[in-house]
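>>> make a model of this:
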Amino acid sequence: MSDVKPGALQAIAIMQLVGGIIAILVSITVALSTFFIYIPWIYSLVVGILCVVKGAQLLGSNAHLQSAPKTNAILQIINIIACDWVNLILGIICLVLMNNPEVKAYFEPVDE
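All right, here's what the predicted structure looks like:
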């Protein structure tokens, strides 16, 4: 494993961070506009928090110690139930970028 992060991983980290912030904003908007009746705003809030945390971890220097954010990308896609189109697109792009051989090699454990 090299010390340099692949460009696709940087893109995934930024998309996770931006998607998390947007999900939090969508959750607040949906909650307030529906007077807290439309319950999926809670899901959007949780997805937003998870994505912000994972995006920050992937931008850090110990990103190789983290797991691939495949679960977060799937959660972003499911966030369409809260009418979040941006996270639907970001989740699909993240899943496509995670199939990049450089990104797969970056997250694979090194045999010692």
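>>> ramachandran coordinates for Asp84?
Main-chain dihedrals, Asp84, degrees, to the nearest 10: phi -100, psi 90.
>>> test my guess that it contacts Ile24.
No: here Asp84 lies out of contact with Ile24, judged by C-beta atoms under 8 Å, at a distance of 10.4 Å. For every residue, glycine as well, the C-beta is placed using N, CA and C.
>>> where does this protein dip in pLDDT?
1-3, 110-112 (pLDDT under 70).
>>> still on that earlier bit, for Asp84 and Ile24, list the residues in contact with both.
Counting by C-beta atoms under 8 Å, 6 or more residues apart in numbering, the contacts common to Asp84 and Ile24 are Ser44.
>>> which one of the two is surrounded by more residues?
Asp84 (28 against 18; other C-beta atoms under 10 Å).
>>> for Asn72, give its distance to Phe35.
From Asn72 over to Phe35 the distance is 29 Å, taken as C-beta to C-beta, to the nearest Å.
>>> same drill for these two, tell me which one is more crowded.
Asn72 (26 against 7).
>>> three-state assignment of the more buried one?
helix (DSSP: H, G, I helix; E, B strand; the rest coil).
>>> that one touches Cys51, doesn't it?
Yes: counting by C-beta under 8 Å, Asn72 touches Cys51, with 5.3 Å between them.
>>> between these two, what contacts are shared?
By C-beta under 8 Å, 6+ apart, Asn72 and Cys51 have these common neighbours: Gln16.
>>> spit out the contact partners of Asn99.
No residues are in contact with Asn99 under the rule C-beta under 8 Å, 6+ apart.
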